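S.K.: Model the structure of this input:
(2 chains)
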Amino acid sequence: MNKKEFLAGLLKDKLGSDFLGQEVSSDHRLFVDIEKEALLPAVKLILEQGGRYQVGISYDDRKNHQSFALIHTLAFDRDGLLVALRAFAPGNNPEFDSITPVVPGAGWSEREYHDLLGLNFKGHPNPKRLVLSDDWPEGIYPLRQDVPHDLMPPSAEEVAFRLEQAPPGTSVIPFGPFHSSLHEPAHFSVYVDGEDIKGCEYRGFMTHRGIEKLGQTELTYNDVPFVAERICGICGSVHSTNYAQAVEAAAGLKIPQRAEFIRVVILELERLHSHLLWLGVAGHLIGFDTVFMQAWRIREKIMWLAESLTGNRKTYGLIIIGGVRRNITKEKAEDIRRVLQEVEKETLTLEKAIIKDKTIHKRTRGVGYLSKEDAIKWNLVGPVARARGLDIDVRRDHPYAAYDELKFDVPVAETGDVWGTLVVRLKEIYEAIKIIRQCLDKLAILPENEPLALELEGPIPAGKQGLSVVEAPRGEAVHYVLTGEENRPERWRVRAPTYPNLQAVPDMLLNNKLADFPIIVGSIDPCISCTDRVMVVELRERRVRIVARQELEKISRKMRLGR
Amino acid sequence: MWLWNKIKQLAISWKSGVVTLRYPFEPRPAPAGFRGQPIWDHTKCIGCAGCANHCPARTIFLRDICQEIRILLYDSSRCTYCGRCADLCPEKAITMGDHYELATENRPDITQTIELFMMTCQRCGRCYDLEIKNSLDKLHTLGYRYDSLEVGKVSRQNTAEFSPDLLEKTKTYERPKQLEK
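M.R.: Alright, predicted model coming up:
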């Protein structure tokens, strides 16, 4: 009996009449419908079996069932199985039991749906606003279906986000919304006692662009990959591949083998340049600018390579549903090999020059420590988790595209600090190079004129669920697609890797020195725009008076003269 | 040890030298296959609306101002240069150019407008035979189309007969401020 049948049987046994049904799906996915009262016990049951919480997904289903749906997904990394538990709450009283007391990592998902869909969660320890801006009017829930995607309601007045009181004996130091050590807008209010950080509160979600809403209301299936790519400025292809895989899973499509390998090449190229970028940024954050300059110099070669392969440095636009758009020919493969050789050699030289440098060791060892137990508690993913001894990697555990045919190692470190993440990322650079070389060997064998994308036979059936995971450079990204009518998804949910990792940052910061704040936050490689992907309007849309240049000059001169 | 590391780092920096390009003082041509500014060839365009229907950023607009004339407007200010339009064009009327220095103070510099003369078909009111299975068949635009060129809003509404009312409505389109009750 495999794990899927075992879990389905177990849930059926323990939940009894609360178990409503199971959707037919592949061996690696288990979609279960349960009563909403059974959601908390079911999540507990799966956690006892060794599940790792991924994300909550919710959508407005009042059109079909007069209800709101809530899905919790959990992963079994050793069995390659993803479990999705779905429950419905009536449309006039959408209330669920909060699972946050059991799974702290679910806190954000629940707060998000309180904001976006107006769901209530009984027993949530911190039901504050998370996603919506402070001046968004009460009672308008942007992800509901009766709200148009381009709605611009008048802003609520005299409202502000209430930050927590600092604990006694500490003072508050605000980092952000804009800060030189944060490369994207986020607000950390850090409590310090002298130099030591004693706690912190996070207020983010300032770069919402309403991408999920757009995907559900305006765009069509094959438009979404190009918009999904713009969720993140670094790991764009991760999101477009992930979305395409979710739709392909829902529609039961099998893409050509050549397309699978090309997708892997692109994903690994992205990992390469992302890790080199991080190495540079980390060096910069600890004041070691030689690393910054040299890592980015090496990275630039990969950017140029990507430009000649795909037509652009960063937004590759290569993925569509059913395959890819451009081929990697023999000549291009030679280019890739040549660049990879240079990058490998230069990275090795750089590594040898810096890895024993005391500057790095003093600034990263023991900094941002989190134990393995805490890493499990917060459901950390990616290099941040692997630096804490958690041996998880989606590429190996839940193979997608062509990863099941490739051989690679998953580097793990036990130190649990920033140093660990640095070592893991450095080693992954070489693994990525190894993977791309294997792909090129395979591509050389495969017939070159094989079609690159499937021709869709007919419309994609409505009401099917697809769940896909991809190992982004920062960790596991999850996409959920519920297919809909009118040639577009009914629900498309994106969970970027920074979403769980950022929730653990307050714990990582605890009892560290204030000066280490930038590198600790930097160590998770936070991608704020990924995390903030959902909303509709810019934050703090206050009345703005346009000041002409002359006027500005006049004011500043007046100030200088002290008038 | 510390000194030895610093010497190694110095050597790397010395060896690589200055890598910053002299751009913009020296031109940097884009590689082959670069996805730059798309260019419409109006002699090839048949006004099938394939590009407008599949533009992910919704930057291509179509407006039928009367029975015979269809206006195609491409507004590059929101364009993401994905190249979908060039892929899908059945007549290969769109090419992705290699021009990328597109910053301008003057909006018309980056917009392209084509006025297309449409012939009248006795059957559908527009131009092509739909019983033959061709690529136009997949593009789903029949009849008349009214996108808002002023606001840059794609309207998915088509009509079989030309409707001056709808045309007027798109000219005054505004984003909703309140929920409809």
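
S.K.: and the helix or strand bottoming out on mean pLDDT in chain B, what does it pack onto?
M.R.: Within chain B, confidence by mean pLDDT, DSSP states H and E is lowest for strand B:158-159 among all helices and strands, at a mean of 78. Contacts defined by 3 or more Cβ pairs under 8 Å, 6 or more residues apart in numbering or on different chains; DSSP states H and E place strand B:158-159 against strand B:144-145. C-beta here means a position set from N, CA and C on the backbone, and glycine is covered the same way.

S.K.: Report the strands that pair with the least confident helix or strand of chain B, each with its relative direction.
M.R.: Using DSSP bridges, the strands paired with strand B:158-159 are strand B:144-145 (antiparallel).

S.K.: Pop out the phi and psi values for A:F226.
M.R.: In terms of degrees, to the nearest 10, the main-chain angles of A:F226 are phi -80, psi -30.

S.K.: didn't it look like it was pressed against B:R84?
M.R.: Yes. If you go by Cβ atoms under 8 Å, A:F226 and B:R84 touch, sitting 6.7 Å apart.

S.K.: residues bridging contact with these two, i.e. touching both?
M.R.: Taking Cβ atoms under 8 Å, 6 or more residues apart in numbering or on different chains as the criterion, A:F226 and B:R84 both touch A:G317, B:P56.

S.K.: so what's A:P411 up against?
M.R.: A:R386, A:V423, A:V424, A:K427, A:E428, A:E431.

S.K.: Please list the members of these that lie in helices.
M.R.: Using DSSP state H, the subset of the contacts of A:P411 located in helices is A:R386, A:V423, A:V424, A:K427, A:E428, A:E431.

S.K.: Neighbours of A:K332, how many?
M.R.: Using other Cβ atoms under 10 Å in any protein chain shown, the number of residues around A:K332 comes to 18.

S.K.: Just name the closest of the ones in helices among the contacts of A:P411 to chain B, please.
M.R.: Nearest to chain B among the ones in helices among the contacts of A:P411: A:V423, at 16.8 Å, using Cβ to the nearest Cβ.

S.K.: count of neighbours near that closest one?
M.R.: 19.

S.K.: Next one: it relative to A:H275, how far apart?
M.R.: Separation of A:V423 from A:H275 (Cβ to Cβ, to the nearest Å) stands at 12 Å.

S.K.: How about B:L72?
M.R.: To A:H275, B:L72 is 44 Å away according to Cβ to Cβ.

S.K.: Give me the more crowded residue out of these two.
M.R.: A:H275 (25 against 22).

S.K.: Name the helix or strand for that one, please.
M.R.: helix A:257-285 (DSSP states H and E).

S.K.: from the middle of its chain, how far away would that helix be?
M.R.: Using Cα atoms, centre = their mean, to the nearest Å, the mean C-alpha position of helix A:257-285 is found 15 Å from that of the whole chain.

S.K.: Show me what whichever helix or strand comes after that helix is packed up against.
M.R.: Using DSSP H and E, the helix or strand that follows helix A:257-285 in sequence is helix A:289-310. In terms of contacts (3+ Cβ pairs under 8 Å, 6+ apart), helix A:289-310 is packed against helix A:257-285, helix A:330-354, helix B:2-16.

S.K.: ranking the ones you listed by mean pLDDT, which is last?
M.R.: For the helices and strands packed on helix A:289-310, mean pLDDT drops lowest on helix B:2-16, to a mean of 89.

S.K.: Go through that helix and flag the buried ones.
M.R.: For helix B:2-16, the neighbour count (16 or more other Cβ atoms under 10 Å in any protein chain shown) marks B:N5, B:K8, B:Q9, B:I12 as buried.

S.K.: so which of those residues also contact chain A?
M.R.: B:N5, B:K8, B:Q9, B:I12 (Cβ under 8 Å from any Cβ of the partner chain).

S.K.: ok, residue 103 - contacts?
M.R.: You didn't pick a chain, so chain A it is. Listed by Cβ under 8 Å, 6+ apart, the contact set of A:V103 reads A:V43, A:L47, A:Y53, A:N379.

S.K.: Now intersect the residues you listed with the strands, please.
M.R.: Judged by DSSP state E, the subset of those located in strands is A:Y53.

S.K.: ok, of the contacts of A:V103, which come out buried?
M.R.: With neighbours counted by 16+ other Cβ under 10 Å, the contacts of A:V103 contain buried members at A:V43, A:Y53, A:N379.

S.K.: Kindly report the residues of chain B close to chain A.
M.R.: Residues of chain B lying near chain A by Cβ under 8 Å from any Cβ: B:1-2, B:5-6, B:8-9, B:11-13, B:16, B:19, B:30-35, B:54-58, B:80-84, B:87, B:96, B:175-180.

S.K.: and the ones in helices among the contacts of A:P411 as a markdown table, adding distance to chain B and pLDDT?
M.R.: Shown next, in a markdown table, are those (distance: Cβ to the nearest Cβ, whole Å; pLDDT from 0 to 100):
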| residue | distance to chain B | pLDDT |
| --- | --- | --- |
| A:R386 | 26 | 94 |
| A:V423 | 17 | 94 |
| A:V424 | 21 | 95 |
| A:K427 | 20 | 95 |
| A:E428 | 21 | 95 |
| A:E431 | 23 | 95 |
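
S.K.: For A:L443, state which of the residues you listed is nearest.
M.R.: A:E431 (18.7 Å; Cβ to Cβ).

S.K.: check which helix or strand covers B:N53.
M.R.: Judged by DSSP H and E, B:N53 forms part of helix B:50-54.

S.K.: Output the following helix or strand past that helix in PDB, but only the C-alpha positions, please.
M.R.: Sequence-wise, the next helix or strand downstream of helix B:50-54 (DSSP H and E) is strand B:60-64. What follows is strand B:60-64, C-alpha atoms only, in PDB (Å, rounded to 0.1, in the frame of the first residue of the first chain):
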ATOM      1  CA  ILE B  60      -2.700  46.400 -28.400                       C
ATOM      2  CA  PHE B  61      -6.100  48.000 -28.900                       C
ATOM      3  CA  LEU B  62      -8.600  47.700 -31.700                       C
ATOM      4  CA  ARG B  63     -11.400  50.100 -32.500                       C
ATOM      5  CA  ASP B  64     -13.800  49.900 -35.400                       C
END
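
S.K.: would you list every one of the strands in the stretch 351-500 of chain A?
M.R.: Counting by DSSP state E, counting those that start in this stretch, the stretch 351-500 of chain A has strands at residues A:465-472, A:475-483, A:489-495.

S.K.: Just tell me which of the ones you listed ends up closest to chain B.
M.R.: Comparing the strands of the stretch 351-500 of chain A by Cβ to the nearest Cβ, strand A:489-495 comes nearest, at 13.9 Å.

S.K.: quick one: contacts for residue 79?
M.R.: No chain specified, so I'll use chain A. By Cβ under 8 Å, 6+ apart, the neighbours of A:D79 are A:N2, A:K3, A:K4.

S.K.: My question was about chain B, not that one.
M.R.: Here B:C79 is in contact with B:P38, B:A57, B:T59 (Cβ under 8 Å, 6+ apart).

S.K.: With respect to chain A, which of these is nearest?
M.R.: Using Cβ to the nearest Cβ, those come closest to chain A at B:A57, 7.7 Å.

S.K.: Show me which of the residues of chain B next to chain A are buried.
M.R.: Listed as buried from these are B:5, B:8-9, B:12, B:30, B:33-35, B:54-58, B:80-84, B:87, B:96; burial here means 16+ other Cβ under 10 Å.
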